[in-house]
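*Asks:* Build the 3D model from these lines:
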Amino acid sequence: MQPKNVMFPTDARLLNRAREILVRLAKGAGIKLRQSYGRVGKFALIKHQRYAHAKQFKRANRALKTLRTYLGRVIRDIGRKLGGNVDLLGGIVLERMLARARRVLEQKQLQRGQKVYSLHAPEVECIGKGKAHRPYEFGVKVSVATTLSPARGGQFVTHVKALPGSPYDGHTLKTVIPDMEALIGNIIERLVLDKGYRGHNAPPDYKFRVFISGQKRRVTPKIKRELRRRSAVEPVIGHLKSEHRMGRNYLWHREGDAANAILAAVGYNFRRLIRWLALLLSQILAPDHGSPSSRHRLKSAFFTDDLQTPPNEPQATPWMVRNSVNRIASAAARRGFRTKRRSHRYTVRAVDPLAACASLRQGVMWRIAFSASRKSAPGLRLRLLGLGKN
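*Replies:* Reported below is the predicted structural model:
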């Protein structure tokens, strides 16, 4: 689900907002209205909100009826005076907004079909996922797919696609599976899906390749382990929303919905690649980089899986140790370097950069920046960014 940049829609807000937009467009086109209802419309909206908050719904409905009357009067007044009195472009804009305002005026609570939830983004759909903290969301449904087993660089997004029209989840596989295979250039061996895909319409060749969470039949021990890995897609969706702008889409129209979803997935994958390259650089800059065990550790951690065991040393996978900056700085201070703390960062000064790198612990990621101070001679600053351990 990718929410759109719209305000939470209510009938009173939509009616008042449609009237305000029509009055502004009519004024810009040179149409003189009998009355704009600017002052009394605002008071009617405030009354409705106060009555609804106090659970006085009869009075709230009376104020809502007043707002509906004001909008209907403005629509009819513009319709009488529109013909041939404005230029071509202004007439097109007014006609389009009049059509949307009529839909807002005529739509009912329990009607079937698409409603207008936003006047500037009429493509917005109402989607209810059963969340307790957010019963209804307004945007477009998005399909996200990741690898079943994580790659060396992390859990990558293999396919993402916006699905307008709020289709049933199981009825999206017919179009998503061919797009995914065309994107990755390979045939999908197995798909592990959540329970929302029950009753899917996958192609006939994938009848025995699709497994639903909680499925009992045709489940081998290996597939059972893979079913437990299905939930790995949930934190990926969380990162896409919180860090890569899928949490609120600011782009216009359905094309903007599709572009924003793809760009969010691209940014997420690039972040994984940058982190993988940073780990690779930390291993290359390690003091024992030239040894045979170090070369094997580099290959097994970043490139291939079919390697022989290292001589006289068990195979190890590097992992990032989230250590505090105090521990890193104390390790440098014990080796004779002068440390100074500035804004929760330690700066280590050394005369010889090679000696500084060789004396620090193995796997330290570092960055060198030459800086000239006014009071002292130009020195070398070595910032410790993190500690890698094998």
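*Asks:* Quick one: mean pLDDT over the lengthiest helix in the chain.
*Replies:* The longest helix of the chain (DSSP state H) is helix 253-284. The predicted model gives helix 253-284 an average pLDDT of 89.
*Asks:* name the helices or strands packed onto it?
*Replies:* Using 3 or more CB pairs under 8 Å, 6 or more residues apart in numbering; DSSP states H and E as the contact definition, the elements that helix 253-284 packs against are strand 2-3, strand 137-146, strand 157-163, helix 233-243, helix 292-302, strand 364-371, strand 379-389. Quick note: C-beta positions are derived from backbone N, CA and C, even for glycine.
*Asks:* Against residue 151, how distant is residue 276?
*Replies:* 9 Å (CB to CB, to the nearest Å).
*Asks:* neighbour count winner among those two?
*Replies:* Neighbour count, other CB atoms under 10 Å: between residue 276 and residue 151, residue 276 has more, with 16 against 12.
*Asks:* How many residues are close by the closest residue in space to the more buried one that isn't next to it in sequence?
*Replies:* Using CB to CB, 6 or more residues apart in numbering and skipping residues adjacent in sequence, the residue nearest residue 276 is residue 153, 3.5 Å away. A count of nearby residues for residue 153, using other CB under 10 Å, gives 17.
*Asks:* tell me the contacts of residue 49?
*Replies:* Residue 49 is in contact with residue 12, counting by CB atoms under 8 Å, 6 or more residues apart in numbering.
*Asks:* Next secondary structure after the strand or helix carrying residue 17?
*Replies:* Using DSSP states H and E, residue 17 falls within helix 11-28. Sequence-wise, the next helix or strand downstream of helix 11-28 (DSSP H and E) is helix 38-53.
*Asks:* Buried ones in that next one, by neighbour count?
*Replies:* Using 16 or more other CB atoms under 10 Å as the test for burial, helix 38-53 gives 41, 44-45, 47-48, 51-52.
*Asks:* returning to what we had before: not counting the helix holding residue 17 itself, show me its contacts.
*Replies:* Taking CB under 8 Å, 6+ apart as the rule, helix 11-28 contacts 7, 33, 36-38, 41-42, 44-45, 48-49, 52, 63-64, 67-68, 70-71, 74-75, 78, 90, 93-94, 97-98, 100-101, 104-105, 116-117, 119.
*Asks:* which of those residues are buried?
*Replies:* 36-37, 41, 44-45, 48, 52, 63-64, 67-68, 70-71, 74-75, 78, 90, 94, 97-98, 100-101, 104-105, 116-117, 119.
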